[in-house]
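Novice: below is the sequence, then the predicted model.
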Amino acid sequence: MIDVVFQLIIFFVVTLKMTSDVNPDIILEDGKNGVTLTQDNLPPSTLEIELDRRGRISIHNATLNERLLATMIKNRINRHGNEFPVLIRADRRTQHEKVRKVMDICTAAGIWKLSFVAVQEHKAAKK
Amino acid sequence: MAYKRKENKGESPKLDMTPMIDVVFQLLIFFVVTLKQEDILAKLSAARPAPNQDEKVKEQQQDLINVIVAPQGFLFNGRPMRLPELDRAIERLSGYSKTAMVIIKCTADSPHAFLVQVLDVCNKHGMTNLSIFSM
C-alpha cells in the first residue's frame, strides 16, 4: 500500500504545475471545430500572445507594450524565419480594435498566418 | 583490546510506519486538492493580409464569401444573420467549393468572441481560405 501511495505522490508531483504561466484572467471563446493544441503540434518556437479584455498584451503573463512586442517578433524572425506559429490568446470580450493592433504588429513584421486560441473542451471548473 | 561489536541476531528492529503513513496521506490529499485539470484548447488559423494588399486580393479572387462581424451580429454577403443561419449558409457554400475565399471583416467594436465563432464555423465546414480584415 505504501508503494502505491508513493507512486501516486510521485505522479502528482511530476504532473503538478505550481505556477501558471498564462494570464489567468483571460476567458476564451468556445471553438469545438479547431485543431486541437497538443504538445506535439506546438513547436518550441511557438509565440503565444495573450490579450486580456482591456487590451493588455502579455506573453507568459508578463505585460509588454506594442513596441516591445514588435521587437520580440523581429528577433524571433531572425532566429526562426517567419514560419513559426503565432497563437493569439485573446479574451472573448476583447474588442476587435485591440485584437487588430496585435494582428497589425504581426503583419508589419511579415507574419501573415495567425491562429486564435479557443476552448475545445471544458475540463477546468468554470469561474 | 577485545572490541565487541553489537551483532544483529536475525530479527531487524521494527520501524514504526504510522507517522510516515500519516505524512504521506497528508501530501496525497494536498496534491489531489491542488490539482486542477486544464481545458483542452484548439487553434483556429486564418490569414491576415497586409492592409495595402486588400484591393489586389479582392480582384484576384472571384468566388468569395464576405462575412462582416459587427457587435449586433453577422452580415453574410450583405444579409444580416445569427450564428445558426450563418452556419447553414456556409455549410451550403462549402458544398460547392472548400477553397473559396472567405473574407471576414470585423468592425472595431465587435467582440473577439464573434470572430472566433465565425472562424469556428468555417473550420467546421472545412473552409481553408480564410482572411481577416479590419474595418
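Specialist: Perfect, I can see it now. Numbering: from 1, shown residues only, chains lettered A, B, ... in the order given.
Novice: residue 14: neighbour count?
Specialist: If you meant another chain, say so; for now it's chain A. If you count neighbours by other Cβ atoms under 10 Å in any protein chain shown, A:Val14 ends up with 7. The C-beta positions use only the backbone N, C-alpha and C, and glycine is treated the same way.
Novice: let me rephrase: I mean chain B.
Specialist: 6.
Novice: so who does it touch?
Specialist: Applying Cβ atoms under 8 Å, 6 or more residues apart in numbering or on different chains to B:Lys14 gives no contacts.
Novice: got the phi and psi for it?
Specialist: Phi and psi for B:Lys14, reported as degrees, to the nearest 10, are phi -80, psi 130.
Novice: and what of A:Ile49?
Specialist: According to degrees, to the nearest 10, A:Ile49 has phi -100, psi 130.
Novice: do the same with A:Ile111
Specialist: phi -110, psi 120.
Novice: lowest-confidence helix or strand of chain B?
Specialist: Lowest on mean pLDDT, DSSP states H and E among the helices and strands of chain B sits helix B:54-60, with a mean of 53.
Novice: what about chain B, any weak spots by pLDDT?
Specialist: Low-confidence segments of chain B (pLDDT under 70): B:1-11, B:50-63.
Novice: in it, what residue lies closest to chain A?
Specialist: Minimum separation of chain B from chain A (Cβ to the nearest Cβ) falls at B:Ala42, amounting to 3.1 Å.
Novice: so what secondary structure elements neighbour the helix or strand encompassing that residue?
Specialist: Taking DSSP states H and E as the criterion, B:Ala42 maps to strand B:40-47. With contacts defined as 3 or more Cβ pairs under 8 Å, 6 or more residues apart in numbering or on different chains; DSSP states H and E, strand B:40-47 has these neighbours: strand A:35-36, strand A:113-121, helix B:112-124, strand B:130-134.
Novice: assign a three-state SS to A:Met72, would you?
Specialist: When classified by DSSP: H, G, I helix; E, B strand; the rest coil, A:Met72 comes out as helix.
Novice: correct me, but it touches A:Leu64?
Specialist: Yes. Using Cβ atoms under 8 Å, A:Met72 is in contact with A:Leu64, at 7.1 Å.
Novice: residues shared between the contacts of these two?
Specialist: If you check A:Met72 and A:Leu64 against Cβ under 8 Å, 6+ apart, no residue is contacted by both.
Novice: and the residue nearest the centre of chain B?
Specialist: What sits nearest the mean C-alpha location of chain B, by Cα atoms, centre = their mean, is B:Ala42, with 2.7 Å.
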